[in-house]
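K.L.:
build me a structure from this.
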Amino acid sequence: MEEIRKELLSEKDIDQLWKSIEQDIDKYESRHRRIGMKKMLRYAAAVLLVAGIAGTAFFLKNKSEDQQKLLADASTTMKYNHFTGKAETTQLTLSDGTKVWLNANTKLYAPSEFKGKKREIKVEGEIYVEAFHDARHPFVVHTNDAQVEVLGTKFSVKAKSESHYNNVILVSGSVAVNEKESGNKTVLVPNQKLEMSGNELTVRNVDAHSMISWTQGVYTYDNESLENILRQLAEYYDVKIQIESNKPNYYTGKMYLNNNFEETLNALNHMQYVDYYYSNNCYYIKIF
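P.N.:
Take a look at the predicted model:
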């Protein structure tokens with residue numbers, strides 16, 4: 001007879017566990033591609049969910065090592081993951097009162113409740129954070145390349161694996177950015193931006209409030225190159241672009257994000273900044 005272990009879980013915990021298991025199933029399938037495994041795992045998850053609603057969850061042992069580890073990981077991490085799609089932003093509040101804004105195409109990994117000496121989250125994409133002050137429990141943001149540690153402050157982090165220009169922007173307070181590969185540590189003061197391009201780190205002064213204006217549904221630019229603007233908008237709307245530019249062209253103003261990408265191009269075309277055409281799922285843009 002299979003040995004079983006019994007734990008009490010709330011309905012909220014069961015709901016979170018269900019989501020975590022669903023996500024781990026997808027990851028597991030992409031790695032192993034085993035026919036029938038998804039059906040078997042979903043059955044195990046369904047048994048777990050039904051038992052949990054009744055007040056008791058039973059974890060079956062002596063299954064395959066992979067399946068057993070999958071269920072164990074899901075039950076111990078209990079993470080809630082939040083995702084935004086293309087041209088979508090959102091705001092949420094973490095368990096400690098910290099407020100986080102997610103820009104488009106962003107993934108945020110955070111525990112349902114912070115425990116231990118540090119409050120830790122992980123991001124893939126771009127976020128703006130107003131961290132609740134707690135000197136005894138530093139707030140840490142992990143990315144693939146660096147970690148940002150604060151006590152209580154306002155800052156943004158952009159960390160996309162496909163981007164060559166990830167960055168940290170400090171609005172108020174103080175942050176320390178630790179680059180993982182080199183071990184370099186950089187401390188920022190308000191209105192500074194740390195740019196990370198490969199192994200190169202650059203700090204420059206910026207207007208931090210204008211650079212987080214996307215939290216208000218608008219991108220604000222001050223003498224920014226039109227090529228950089230178009231690449232940022234393409235990233236936000238998740239579209240492919242190819243740019244032809246014979247000379248630098250700079251723009252000062254605002255781009256409202258309630259328009260779609262083609263409407264923005266039409267406005268730039270009307271102002272005689274660009275011309276474009278669309279073919280094979282790509283926008284081909286010529287800058288005048």
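K.L.:
hmm, Ala87 and Tyr237 touching each other?
P.N.:
Yes. Contact status for Tyr237 versus Ala87: in contact at 5.2 Å, counting by Cβ atoms under 8 Å. C-beta coordinates here come from the backbone N, C-alpha and C atoms, glycine included.
K.L.:
name the residues contacting each of these two.
P.N.:
Shared contacts of Tyr237 and Ala87, defined by Cβ atoms under 8 Å, 6 or more residues apart in numbering, comprise Ala104, Asn260.
K.L.:
helices along this protein, start to end?
P.N.:
In the chain, the segments counted as helices under DSSP state H are 11-32, 37-53, 65-77, 208-211, 226-237, 261-270.
K.L.:
worst average pLDDT in these?
P.N.:
Mean pLDDT per stretch puts helix 37-53 lowest among the helices of the chain, at a mean of 34.
K.L.:
in its sheet, what does the longest strand along the chain sit against?
P.N.:
Longest strand in the chain by number of residues (criterion: DSSP state E): strand 119-130. Using DSSP bridges, the strands paired with strand 119-130 are strand 99-102 (antiparallel), strand 107-111 (antiparallel), strand 139-142 (parallel), strand 154-159 (antiparallel).
K.L.:
what sits up against that strand?
P.N.:
84, 94, 96, 98-111, 114, 134, 137-144, 154-161, 212, 214-215.
K.L.:
any idea of the angle that strand forms with helix 226-237?
P.N.:
If you take axes from the mean of the first three to the mean of the last three Cα atoms, to 10 degrees, strand 119-130 sits at 120 degrees to helix 226-237.
K.L.:
then strand 119-130 to PDB, C-alphas only?
P.N.:
Only the C-alpha atoms of strand 119-130 are listed here, as PDB (Å, rounded to 0.1, in the frame of the first residue of the first chain):
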ATOM      1  CA  ARG A 119      11.700  40.100   1.000                       C
ATOM      2  CA  GLU A 120      12.600  38.700  -2.400                       C
ATOM      3  CA  ILE A 121      10.900  38.700  -5.800                       C
ATOM      4  CA  LYS A 122      12.100  38.000  -9.300                       C
ATOM      5  CA  VAL A 123      11.200  39.800 -12.500                       C
ATOM      6  CA  GLU A 124      11.500  39.200 -16.200                       C
ATOM      7  CA  GLY A 125      10.400  42.400 -18.000                       C
ATOM      8  CA  GLU A 126      10.000  45.900 -16.500                       C
ATOM      9  CA  ILE A 127       8.500  46.900 -13.200                       C
ATOM     10  CA  TYR A 128       8.300  50.000 -11.000                       C
ATOM     11  CA  VAL A 129       8.400  49.400  -7.300                       C
ATOM     12  CA  GLU A 130       7.400  51.500  -4.300                       C
END
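K.L.:
what's the mean pLDDT across that strand?
P.N.:
95.
K.L.:
which parts of the stretch 151-288 of the chain are strands?
P.N.:
Here the stretch 151-288 of the chain has its strands, by DSSP state E, counting those that start in this stretch, at 154-159, 166-172, 175-179, 185-188, 192-197, 200-205, 218-225, 240-245, 250-256, 274-279, 282-287.
K.L.:
what is the mean pLDDT for the second one?
P.N.:
What it means is strand 166-172. Mean predicted lDDT for strand 166-172 stands at 94.
K.L.:
buried set for it?
P.N.:
Asn166, Asn167, Val168, Ile169, Leu170, Val171 (16 or more other Cβ atoms under 10 Å).
K.L.:
could those residues go into CSV alongside distance to Ser225?
P.N.:
Listed next are the buried residues of strand 166-172 as CSV, based on distance: Cβ to Cβ, whole Å:
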residue, distance to Ser225
Asn166, 18
Asn167, 16
Val168, 21
Ile169, 18
Leu170, 23
Val171, 24
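K.L.:
picking that back up, burial-wise, tell me which of the strands of the stretch 151-288 of the chain comes out on top.
P.N.:
strand 154-159 (a mean of 23; mean count of other Cβ atoms under 10 Å).
K.L.:
roughly how far apart are Leu194 and Pro111?
P.N.:
26 Å (Cβ to Cβ, to the nearest Å).
K.L.:
ditto for Asn105
P.N.:
If you go by Cβ to Cβ, the gap between Asn105 and Pro111 works out to 23 Å.
K.L.:
higher neighbour count, these two?
P.N.:
Between Asn105 and Pro111, counted using other Cβ atoms under 10 Å, the more crowded position is Asn105 (20 against 17).
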